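Visitor: what's the 3D shape of this:
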Amino acid sequence: MRGDEPAEGDKTVTAVQPKRGAHVRGDVRSLYRPGFSICRRYPDLIRRRHHDTGPGSPLRVAVLAPIAWRTPPRHYGPWEQFASLLTEGLVAAGHHVTLFATADSVTTATLHGTASTGWSEDPTIEPKVAECLHIAAVFERADDFDVIHNGFDFLPLTYSGLVDTPVVTTVHGFSSPRIVPVYEQYDATTHYVAISDADRHPALHYAATIHHGIDTDSFAVHPAPGDHLLFFGRIHPDKGTTHAIDIARRTGRRLDIAGIVQDERYFREEIEPHIDGDHVRYLGPVSVAERAAVLSGAHALLHLIDFDEPFGYSVVEAMACGTPVIAHDRGSMRELIDHGTTGYLVSDVAGTLAAVDAAGGLDRAAIRGIAVSRFDTTTMVDQYVGVYRRMLDPTS
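Guide: This next block holds a predicted model:
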């Protein structure tokens, strides 16, 4: 705990950290004056002075992005994309934001970068070294902020007990069950936000579920979409690229594949042999500037995943273009897609083929309208600010 001197006139309170699970008497709580925020590491005992964080007042927020890619990413990088959209939305809402990201990142916030570029974009960068220095940078400046928003993963949680500034962590998913113990260790002293109800872990407590937002103004309905199908995402067995190829072949429609190759062997053995430039085209990674044109021009997006996906950026981006989405009914898809209105949830080949035929009858303008109302960045930002304010003032 830092030994900050109390302001003139403030009452000095000496407190001892209670043993884990110890009961804190109600009369102890009454000793504290309003205007102090709870430091959850020492529940109900330690409180610290901060500047006004009441309703309508700007908050000082540190956003900790990953550094695999630049923020925002040039093509792939969903976590960096989230960090960028959150940061720009908070700035637009009048908050004071510092983005901790790669030094070549682009933002209207104050940028703090310890890594020159993303380690996925520069093989000379040692990821573990770069990430340790990157995470340390935000916690060394913890006193500058009302909230540290961790969009990185589990590692920053291990720093959270060293500072008084509350930490909000957006849990983007669990890459392995082996990382869950870290989240469990800090479950009682930090604040978790799930990106879908489907991705909530039963062993953890959550402050909220907040779906990712997107800049819906960057997408629009295509005036004359084609009759081809689209696969948009990383090329990996989990994402169902081979299923998309099979469905396109069965329907006699061309398939465009867009995304980075994440599994080289899978691509070489199961995808590349089908790419002929006619029935199956590989567009490669698609830049931010090209995303809207690629997504809006398709008859439908095929999202035939083979895992329980926590969220799908390409799903909501396609819908923001009015493009119907046909997805396997797994993970968060039921939360994102309105079956029969914005797309179809399917479980087998027959259902997928029927959905491809039916997709042409859906109202693309209505699909976009639903996506804008549910997934615009402003909706996401408002919900996160609500979490911040409830965390800073639990009585609100």
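
Visitor: all contacts plus neighbour counts: C-alpha atoms, from now on.
Guide: Noted.

Visitor: what sits up against stretch 192-205?
Guide: Here stretch 192-205 makes contact (C-alpha atoms under 8 Å, 6 or more residues apart in numbering) with 168-173, 183-184, 187, 206-212, 309-311, 331-332, 335.

Visitor: endpoints of that stretch, how far apart?
Guide: Its first and final residues considered, stretch 192-205 spans 7 Å by C-alpha to C-alpha, to the nearest Å.

Visitor: so how far is that stretch off the chain centroid?
Guide: How far stretch 192-205 lies from its chain's middle: 13 Å, per C-alpha atoms, centre = their mean, to the nearest Å.

Visitor: show me where the stretch 201-350 of the chain has strands.
Guide: Along the stretch 201-350 of the chain, counting by DSSP state E, counting those that start in this stretch, strands occupy 208-209, 229-232, 255-258, 280-284, 300-303, 325-328, 343-346.

Visitor: just the ones of the contacts of stretch 192-205 in helices?
Guide: Among the contacts of stretch 192-205, the members found in helices (DSSP state H) are 183-184, 335.

Visitor: those, buried ones only, as a PyMOL selection?
Guide: Here is the PyMOL command that selects the buried residues among those (16 or more other C-alpha atoms under 10 Å):
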select buried, resi 183
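
Visitor: what's the neighbour count on residue 203?
Guide: Residue 203 is flanked by 10 other residues according to other C-alpha atoms under 10 Å.

Visitor: on that earlier part again, tell me which of the strands of the stretch 201-350 of the chain lies nearest to residue 383.
Guide: strand 208-209 (8.6 Å; C-alpha to C-alpha).

Visitor: now find how far off-centre that closest one is within its chain.
Guide: So, by C-alpha atoms, centre = their mean, the centroid of strand 208-209 is 12 Å from its chain's centroid.

Visitor: tell me what it is packed against?
Guide: With contacts defined as 3 or more C-alpha pairs under 8 Å, 6 or more residues apart in numbering; DSSP states H and E, strand 208-209 has these neighbours: strand 191-194.

Visitor: rerun at 10 Å
Guide: Strand 208-209 sits against strand 167-171, strand 191-194, helix 377-392, with contacts defined as 3 or more C-alpha pairs under 10 Å, 6 or more residues apart in numbering; DSSP states H and E.

Visitor: show residues contacting that strand.
Guide: With contact meaning C-alpha atoms under 10 Å, 6 or more residues apart in numbering, strand 208-209 is reached by 170-171, 191-200, 383-384, 386-387.

Visitor: pLDDT below threshold where in the stretch 51-200 of the chain?
Guide: Regions of the stretch 51-200 of the chain meeting the criterion pLDDT under 70 cover residues 51-54.

Visitor: which residue ranges of it form strands?
Guide: 60-64, 96-100, 110-112, 147-150, 167-171, 191-194.

Visitor: can you tell which of the ones you listed is closest to residue 268?
Guide: strand 167-171 (32.1 Å).

Visitor: restrict the closest one to CA atoms and write it as PDB.
Guide: C-alpha atoms of strand 167-171 as PDB (Å, rounded to 0.1, in the frame of the first residue of the first chain):
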ATOM      1  CA  VAL A 167      -8.800  -2.600 -12.400                       C
ATOM      2  CA  VAL A 168     -11.500  -3.600 -14.800                       C
ATOM      3  CA  THR A 169     -10.700  -6.600 -17.100                       C
ATOM      4  CA  THR A 170     -12.500  -7.400 -20.300                       C
ATOM      5  CA  VAL A 171     -12.300 -11.200 -20.500                       C
END
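
Visitor: which strands border it, and is each parallel or antiparallel?
Guide: Strand 167-171 has the following strand partners under DSSP bridges: strand 147-150 (parallel), strand 191-194 (parallel).

Visitor: off-centre distance for it?
Guide: 10 Å.

Visitor: repeat for stretch 283-296
Guide: That offset, for stretch 283-296, works out to 20 Å (C-alpha atoms, centre = their mean).

Visitor: can you list the domains in the protein?
Guide: The chain resolves into domains spanning 60-213+377-392, 216-375 when parsed by automatic domain parsing.

Visitor: quick one: buried residues of stretch 320-339?
Guide: By 16+ other C-alpha under 10 Å, the buried positions in stretch 320-339 come out as 320-333, 336-337.

Visitor: that stretch: how far from the chain's middle?
Guide: For stretch 320-339, the distance to the chain centre is 17 Å (C-alpha atoms, centre = their mean).

Visitor: what average pLDDT does it get?
Guide: Stretch 320-339 shows a mean pLDDT of 98.

Visitor: also stretch 224-244?
Guide: For stretch 224-244, the per-residue pLDDT averages 97.

Visitor: ok, now stretch 277-294?
Guide: For stretch 277-294, the mean per-residue pLDDT is 94.

Visitor: circling back: the strands of the stretch 201-350 of the chain into TSV, with extra columns for distance to residue 364?
Guide: Formatted as TSV, those follow (distance: least, C-alpha to C-alpha, whole Å):
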stretch	distance to residue 364
strand 208-209	27
strand 229-232	15
strand 255-258	20
strand 280-284	24
strand 300-303	11
strand 325-328	11
strand 343-346	10
